[in-house]
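K.L.:
sequence plus predicted model, see below.
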Amino acid sequence: MAKFIVSTKSKRKVADGNNYIYDFHSSSPNLGKEYWRCEKRRLCSVRIHTVTENNEPKIIHFSNEHLHPADVDSLNARKAVAEIKHEAVENIAASSRSILAAKFTQLSENTYSQLPRLPVVSRIIQRCRFPANPAARHGFEIPDKYCKLDNGLQFLRYDSG
């Protein structure tokens, strides 16, 4: 069964039931198909065609055979980084190290070896929690959680720019 996954640059990818990963190539809006190619396209010429049903990809065409083995640990490492990102956004009060420690205890040694270095993962968490500064002073709203204190009193009355 194929599943959508998200790359570190927030791009959609497809992981099939054999743990191969595919990058998006193109789509046909008229037919409702999306075309994907193997992530290791320099070595491998496999392509798949999918249609989306219930927010899950369904592979309808598969071309050729892979010329490389599937990398299960790399796929599991990507899933772990995605879960770390999600946990960092959901649990702002937790420190980066506590989130990482909780996740790392669940991983096998092979999967752990495929993760980025610790400072890189810490930086990924920081970027999820604190997005880049806006390009202009206007055109955005300050979320309420940044305008009020923990006891509910108004902290930020207005933004003077």
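P.N.:
Nice, I can see it. Just so we're clear, the structure is a prediction, and the values are computed from it rather than from any experiment.
K.L.:
state the helix or strand in which Lys103 lies.
P.N.:
helix 96-104 (DSSP states H and E).
K.L.:
next one: that helix to chain centre, how far?
P.N.:
Chain-centre distance of helix 96-104: 17 Å, with CA atoms, centre = their mean, to the nearest Å.
K.L.:
give me the helices and strands touching that helix, please.
P.N.:
Using 3 or more CB pairs under 8 Å, 6 or more residues apart in numbering; DSSP states H and E, the elements in contact with helix 96-104 are helix 72-90, helix 118-129. Yep, even glycine has a C-beta here, placed from its N, CA and C like the rest.
K.L.:
list the buried ones in the next helix or strand after it?
P.N.:
Per DSSP H and E, the first helix or strand lying C-terminal to helix 96-104 is helix 109-114. For helix 109-114, a neighbour-count test (16 or more other CB atoms under 10 Å) marks Thr111, Tyr112, Gln114 as buried.
K.L.:
same for helix 109-114, what does it pack against?
P.N.:
Packed next to helix 109-114, using 3+ CB pairs under 8 Å, 6+ apart, are helix 72-90.
K.L.:
for the helix it packs on, which outside residues touch it?
P.N.:
5-8, 15, 19, 21, 94, 96, 99-100, 102-103, 106-108, 110-116, 121, 124-125, 128-129 (CB atoms under 8 Å, 6 or more residues apart in numbering).
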